[in-house]
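# Take this sequence and fold it.
(2 chains)
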Amino acid sequence: MASLLTVHDLTMRFGGVLALNGVGFDVRRGSVTALIGPNGAGKTTVFNCLTGFYRPSSGAIRLTDADGVSVDLIEILGGPFRRQDLRSPRAFGRRLYCKMFGGAALAARAGVVRTFQNIRLFKEMTAFENLLVAQRARVNNNLLAGLLSTRAYRDAEAEARERAWYWLDFFRLAEDGNRLAGELAYGRQRRLEIARAMCAGPRLLCLDEPAAGLNPNETRELSEWILSLRRGHGVTVCLIEHDMGLVMEISDQVVVLDHGQVIASGRPEKVRDNPVVLEAYLGVPEEEGR
Amino acid sequence: MTERSVSGGQSVGAVLRESLITGVVALLLFAPLTGVSLSGYTLEGHWQRPVWLAGWVVLGRFAFGWLRARGHLVGRLSGRPKAGSALLASWIEAHRTFLLLALCVVALILPWFIGKYWLNVAILAWIYVLLALGLNIVVGLAGLLDLGFVAFYAVGAYGYALGFKYLDLSFWAALPFGALLAACFGVMLGFPVLRMHGDYLAIVTLGFGEIIRLVLNNWMDFTGGPNGVRVPFPSFFGIEFGRKAQPGHVTVHEYFQVPFSNEYRDIFLYLLLMIVVGGLVFVIRRLRRMPLGRNWEALREDEIACRSLGIQPVTVKLSAFGLGAMTGGVGGVFFAASQGFVNPTSFTFMESAHILAIVILGGMGSTAGVIAAAVILTVLPEALRDFAEYRGLLFGCAMVLMMVWRPRGLMGARRARFDRSGVA
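Coordinates of the predicted model:
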């Protein structure tokens, strides 16, 4: 299976702190990849780089479609102008566009959609509206079409509503559709956030600690949902998670980060028995300490 | 205290007794305060004053207690926060169409009877409705705190005034011209402040408002500075509202063969404003259910989440600034047309604060609430001219009370409900 996402030699520097140091991994299309590691290992920083919220100091992130079209997820952040931009107006225009409108929004349009560790819903809007907002690409954004309520606009809206209902049903949130998102119970908010991400039509769904704060039952449901998203909806999933039970159960690949470096990666059972990983998590006896 | 005991016992007798006790206390209080006054070196007794006041207190106390005993509207002010307002809300909901229709009819009939002075107040109220609806887009929907909204009002007003002076624009040409000009200014302001939020944004917009006013005030050659600019009155399909028509035109009283009155012009403006506000309300209603309106609200809630879903904060913010400013510009054109003269003193920061107060009082994001607040905050100060010195105090008190009892404004924004067959 070809890889959907390639991360190569990713380095992120915040002033003097080296948050990521040469991180590299591949995510195969249709797989579930878990990013694990102790607190402060740089997992969320990797996510922020993937989804365009941070611009890495160096390295490459590339998203490759099934039909071979690939997007450079760093270029769309709009880097500093280079000298050769002056010679090619097209490159110049592209860079200017990315600088003005670039970043996370373009990454999301390329198909990398994420959820957040601390849930970020539109709290004063209803659950249903949350899902409608996410369907930016599908609805008719033409101002006049909307004001005049043209047929194309109405059709697009109807389709968006249908899709929103579909995802509400999928995550068993249908009865909460018209409630404010901020009023929902914590577990439901988590689900709603994933539903919202799915409404944005992701190719790579990045879940930042989706099981945090869920009880064992909810966690089990979550793992079923993630697996069925992968199977039934052609989504590739990349998740950060501390719940090892969940990680071992659903992931095809586990990438272990520590101090900004990949210390192990591979099949879950292989990673579980890796002494380096155990050392990173549990520490080493005093006399052998680094 | 004694108040509590009454809210438990619901009988009319208890309420009556309670109000009589209140009346006696009031009498005791008011007697020395208002019953005796110093005239020269002698004391004069005005025994009827404290009695009147105490009478009013008894009446008020009785009405309050009675309504509360019946679980009515006023009752919610103390004690039960939900019942009264929910009752009112459901009543309004049930009679929505009828109420709207009645309000429209009243608004249509009103200008013919209220006389010149109140007609001008009413026009001003409509203009404030326009402005507040415009600011509501920026502050209430998109969540961008704008303290310099008056700048766009000024741009609209001066767009008409200077457009007439230099380009000979008529009112009808100035309307779109002023609106577009204001929208351009809105986008111009929007660009540099794209990355700002909350307090920072508020300060920058405040500065922008002052810059516009200072430029208008000091650019003597172009704007006439503090002397202002004269603005022509609008005409209606070439029919003029003056006493004498320009050559080749007719006036409205000649056309309809009625005696001249300068009220016709104001009535015309009033009705026109009503149409414009009606159109704007329609547009905002649509917008709120459109992707753009949803994106505005989403941006207000969480900008980072918006970006993670592929929504460009840049375009969303600029569209909010642009459309809000455009509405402000239209308000400005109407203001200039109704006054016949503009100068920079009409566009001070107090004006911005007033519009913002309307939006907050009305309930951010709620169209009906904002309209109600605009009317109340424009008409009440005129009606209470005798208390002009206390206007600020009353304003402040109203704000504080609002924040305590109805932090979401007179009417909180209603959210669209959806069911499987479509929008419910």
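
# So which residues of the stretch 1-150 of chain A form helices?
All helices of the stretch 1-150 of chain A, identified by DSSP state H, counting those that start in this stretch, fall at A:43-50, A:84-87, A:89-101, A:104-110, A:127-134, A:143-148.

# which one of those helices is the most hemmed in?
Each of the helices of the stretch 1-150 of chain A was scored by mean neighbour count; the highest is helix A:127-134, a mean of 28, by mean count of other Cβ atoms under 10 Å in any protein chain shown. Any C-beta I mention is one placed from the backbone N, CA and C, and that applies to glycine too.

# Nearest approach to B:R307 belongs to which of the helices of the stretch 1-150 of chain A?
Smallest distance to B:R307 across the helices of the stretch 1-150 of chain A (Cβ to Cβ): 3.8 Å, for helix A:104-110.

# Mind checking if the closest one is in reach of chain B?
Yes - contact between helix A:104-110 and chain B, assessed by Cβ under 8 Å from any Cβ of the partner chain, occurs at A:A104, A:A105, A:L106, A:A108, A:R109.

# got a markdown table for the residues you listed, with pLDDT too?
Below are the residues of helix A:104-110 next to chain B laid out as a markdown table (pLDDT from 0 to 100):
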| residue | pLDDT |
| --- | --- |
| A:A104 | 85 |
| A:A105 | 87 |
| A:L106 | 87 |
| A:A108 | 89 |
| A:R109 | 88 |
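
# Widest-spaced pair of those residues?
A:A104 and A:R109 (9.7 Å).

# From what I see, B:M364 and B:G140 are in contact.
Yes - counting by Cβ atoms under 8 Å, B:M364 touches B:G140, with 3.7 Å between them.

# Which one of these two is surrounded by more residues?
Between B:M364 and B:G140, counting by other Cβ atoms under 10 Å in any protein chain shown, B:G140 is the more crowded of the two (27 against 21).

# Tell me the secondary structure at the more buried one.
Of the three states, B:G140 takes helix according to DSSP: H, G, I helix; E, B strand; the rest coil.

# and residue 261, how many residues sit next to it?
Because you didn't say which chain, this covers chain A. When counting by other Cβ under 10 Å, one arrives at 17 neighbours for A:Q261.

# look at chain B instead
For B:S261, the neighbour count with other Cβ under 10 Å is 14.

# And the one 4 residues further on, by the same measure?
Other residues within reach of B:R265, judged by other Cβ under 10 Å, total 21.

# so how far is chain A from it?
Computed as Cβ to the nearest Cβ, to the nearest Å, the B:R265 to chain A distance reads 31 Å.

# ok, now B:A202?
Taking Cβ to the nearest Cβ, one finds B:A202 at 20 Å from chain A.

# show me the contacts for that residue.
B:A202 is in contact with B:L145, B:D146, B:L147, counting by Cβ atoms under 8 Å, 6 or more residues apart in numbering or on different chains.

# Identify, from those residues, the entry nearest to chain A.
When the contacts of B:A202 are compared for distance to chain A (Cβ to the nearest Cβ), B:L145 wins out at 16.0 Å.

# and the closest one, helix, strand or coil?
coil.

# what's around it, how many residues?
The local packing of B:L145 (other Cβ under 10 Å) involves 18 other residues.

# before we move on, which element is the residue lying closest to it once chain neighbours are set aside in?
Nearest non-adjacent residue to B:L145, counting by Cβ to Cβ, 6 or more residues apart in numbering or on different chains: B:A202, 4.4 Å away. Assigned by DSSP states H and E, B:A202 belongs to helix B:198-218.

# Using CSV, write out every CA atom in that helix.
Only the C-alpha atoms of helix B:198-218 are listed here, as CSV (Å, rounded to 0.1, in the frame of the first residue of the first chain):
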residue,chain,number,x,y,z
GLY,B,198,-10.6,41.7,21.6
ASP,B,199,-9.0,44.6,23.4
TYR,B,200,-6.3,45.2,20.9
LEU,B,201,-8.8,45.3,18.1
ALA,B,202,-11.0,47.6,20.0
ILE,B,203,-8.2,50.1,20.6
VAL,B,204,-7.2,50.1,16.9
THR,B,205,-10.7,50.6,15.7
LEU,B,206,-11.2,53.4,18.2
GLY,B,207,-8.1,55.0,16.7
PHE,B,208,-9.4,54.6,13.2
GLY,B,209,-12.7,56.3,14.1
GLU,B,210,-10.8,59.3,15.6
ILE,B,211,-8.5,59.5,12.5
ILE,B,212,-11.5,59.8,10.2
ARG,B,213,-13.0,62.5,12.3
LEU,B,214,-9.8,64.4,12.6
VAL,B,215,-9.1,64.2,8.9
LEU,B,216,-12.6,65.6,8.2
ASN,B,217,-12.1,68.3,10.8
ASN,B,218,-8.7,69.5,9.6
